[in-house]
Every structure is written in structure tokens, then in C-alpha cells.
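*Asks:* pasted the sequence and its predicted model underneath.
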Amino acid sequence: MQYIRQDNEMPKAIDRWGWKYHHLGVPTSIKFPNEKYLPQFKFYVSGFESSPFGIEWMRFEADSTIHKLIQTVPHIAFEVENLDYELSTRDFKILGTVSNSPSDGVRVAMIEHNGAPVELIEFDKNK
């Protein structure tokens, strides 16, 4: 029998797996002030540092190598303690390659859940 979450309960990823909310990534075509360019992925990010909700705007170049689902559908991102463990113990559809590092000491993987992208982030606590 499948467990049905009640309205007042946190999602399983937070409540049972111990994941922590990190940000909401929203694709846009609008150029925002103070964008940061990630040349390895050919896209710009902005807003994360100043949003009290962790909203990050993402503007992609036409030839960005980022998966098209991520370029067109907002994603939620969770911090995880051990990215390899999470990916090896759960049945996730992985988008692209694992460990696309946006910055030093950060490892990420993008997965798809029912047509929505979800980002898993692991931080090297020694960095």
C-alpha cells in the first residue's frame, strides 16, 4: 500500500530522507542586474544572494549544454549530505552528468520527478 502524505506533513525528502531546501531555480529570458555568468554551462544566474526565499533566476544562452527541461521548467534544489548515496539508493532518472560543479567544493546532480527537474547539491564542508 502506498503511503499518502497528509496536508500538514513535510515531504518525504525532508521529513524522512533529511534533505534541506536550498533554492528554487526559475528559467527566464529577462536580464537581471548583477547576473553571474557560468561559462562552463553558458548561462547566467542572479537573485540567489538577495532573495529571502532562495529564488534564483537562470538565463540561458542559445547554445547552453544544460538539459532542455532545466532551461524551461523551474526546479527545486535540496542540499544532501552524500550525493553518491542518494543517487545509488533511490530510483531516480538522472538528467545529464553527475557532479557538474558550478563552483569549487560543490557537486550537483539533476534528476527528473514526474516531468519536473530536481537538483541535489552536496557541499564539501572543508571548503
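*Replies:* Here it is on my side, so go on.

*Asks:* enumerate every residue touching residue 78.
*Replies:* 13-14, 19-22, 118-121 (Cβ atoms under 8 Å, 6 or more residues apart in numbering). To be clear about C-beta, it is placed using only N, CA and C from the backbone, and glycine gets the same treatment.

*Asks:* residue 33: which of the residues you listed is nearest?
*Replies:* Ranked by distance to residue 33 (Cβ to Cβ), those are led by residue 22 at 22.4 Å.

*Asks:* and the longest helix seen in the chain, what does it pack against?
*Replies:* Using DSSP state H to define each element, the chain has its longest helix at helix 83-89. When contacts are defined as 3 or more Cβ pairs under 8 Å, 6 or more residues apart in numbering; DSSP states H and E, helix 83-89 sits against strand 106-113, strand 116-123.

*Asks:* any chance of those in TSV, plus distance to residue 45?
*Replies:* Formatted as TSV, those follow (distance: least, Cβ to Cβ, whole Å):
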stretch	distance to residue 45
strand 106-113	13
strand 116-123	12
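
*Asks:* poorly predicted segments of the chain, please.
*Replies:* 97-102, 127 (pLDDT under 70).
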